[in-house]
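**Student:** Structure for this input, please:
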Amino acid sequence: MKKYLIISVIAAGVLTGCGADKKPGYSYMPDMTYSQAYETYASTSDLTKEGVFYNRKPVPGTVARGEDAEFVFTLAHDSAGYAQAAQLKNPLDSAGAAIDMKEAERLYLVNCGICHGAKLDGNGPLFNGGDGPFSAAPKNFMAADMKAMAEGTMFYSVTYGKGQMGSYASQISPKQRWEIIAFIKSKQGPATPAAGGAKTDSAAAKTVTKVDAKATAKK
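**Tutor:** Predicted coordinates for the structure are as follows:
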């Protein structure tokens, strides 16, 4: 009798399991089981309505596990912080570590090339000479103003976002951001002085000298 009872219980369990897809039961933590994925730059207004603050950025002052403290970025996201960023130097240079430019190029192409282009000319697939989905041309890294831009200012812009470019702080680690900037600078070469800048200063100096000479002659 006991034998038949055991068989009946097993059969009932099998039959119940076969129909589990029709009535799976209850999830203890449904928000974990069926979590909603958020795409980059997607609106987080639904989270805000629920009282959840999320800006896709690391908590200020925190350092990722395995990340060196030298990559901590503390400048504020304001005009003062932007100005101070120009004084920042690439910590990878001071550390004397050899930068893997092949990896840096890969990081650039994956994260930046779609807008700024594989040739760093601001003509990536999203712009495509004005025929792409983005109507505004991304920055041309080979232009004189970008060659003259300090690497710290670039790091600030990638960290917080600038203009139509959003923050990449949640997608790229601080070390990777510096590697990308090192790659860009290696392709840019030395900064070119503004056309006519030195000549203009020289001409202005000569003009002042002539004016002073005339004033002296009159006296």
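**Student:** ok, so what distance separates the residue positioned nearest the centre of the chain from residue 182?
**Tutor:** Residue closest to the mean C-alpha point of the chain, counted by Cα atoms, centre = their mean, is residue 168 at 2.5 Å. Here the criterion is Cβ to Cβ, to the nearest Å. By it, residue 168 lies 16 Å from residue 182. Yep, even glycine has a C-beta here, placed from its N, CA and C like the rest.
**Student:** sorry, back to before: could you find the closest non-adjacent residue to the residue nearest to the centre of the chain?
**Tutor:** residue 158 (5.1 Å; Cβ to Cβ, 6 or more residues apart in numbering).
**Student:** My read is that residue 139 contacts residue 121, right?
**Tutor:** No. Using Cβ atoms under 8 Å, residue 139 is not in contact with residue 121; the gap is 9.8 Å.
**Student:** mind showing which ranges of this protein have poor pLDDT?
**Tutor:** Along the chain, segments meeting pLDDT under 70 span 1, 9, 11-25, 36-41, 56, 61, 95-97, 191-219.
**Student:** ok, now with 80
**Tutor:** Applying pLDDT under 80 to the chain picks out residues 1-44, 46-47, 50, 52, 54-70, 94-97, 190-219.
**Student:** In it, mark out all the helices, start to finish.
**Tutor:** 2-18, 30-33, 45-49, 79-85, 91-94, 101-111, 113-116, 144-148, 151-160, 174-188, 197-218 (DSSP state H).
**Student:** Outside of the fifth one itself, list whatever touches it.
**Tutor:** Defining contact as Cβ atoms under 8 Å, 6 or more residues apart in numbering, one finds that helix 91-94 is touched by 70, 71, 99, 175, 178, 179, 182.
**Student:** Return the backbone torsion pair for the third one.
**Tutor:** In this case it means residue 99. phi -90, psi 130 (degrees, to the nearest 10).
**Student:** what comes up buried for stretch 73-93?
**Tutor:** For stretch 73-93, the neighbour count (16 or more other Cβ atoms under 10 Å) marks 73, 75, 82, 85, 88, 90, 91, 92 as buried.
**Student:** list the contacts for the second one?
**Tutor:** Residues in contact with residue 75 (Cβ under 8 Å, 6+ apart) are 81, 84, 85, 88, 156.
**Student:** So residue 101 sits against residue 184, correct?
**Tutor:** No. Contact criterion Cβ under 8 Å: residue 101 and residue 184 do not qualify, at 10.9 Å.
**Student:** Give me the more crowded residue out of these two.
**Tutor:** Taking neighbours as other Cβ atoms under 10 Å, residue 101 and residue 184 compare with residue 184 leading, 22 against 14.
**Student:** in terms of contact, does residue 123 touch residue 113 like I think?
**Tutor:** No. Applying Cβ under 8 Å as the test, residue 123 and residue 113 come out as separate, 10.5 Å apart.
**Student:** All good on my end, thank you.
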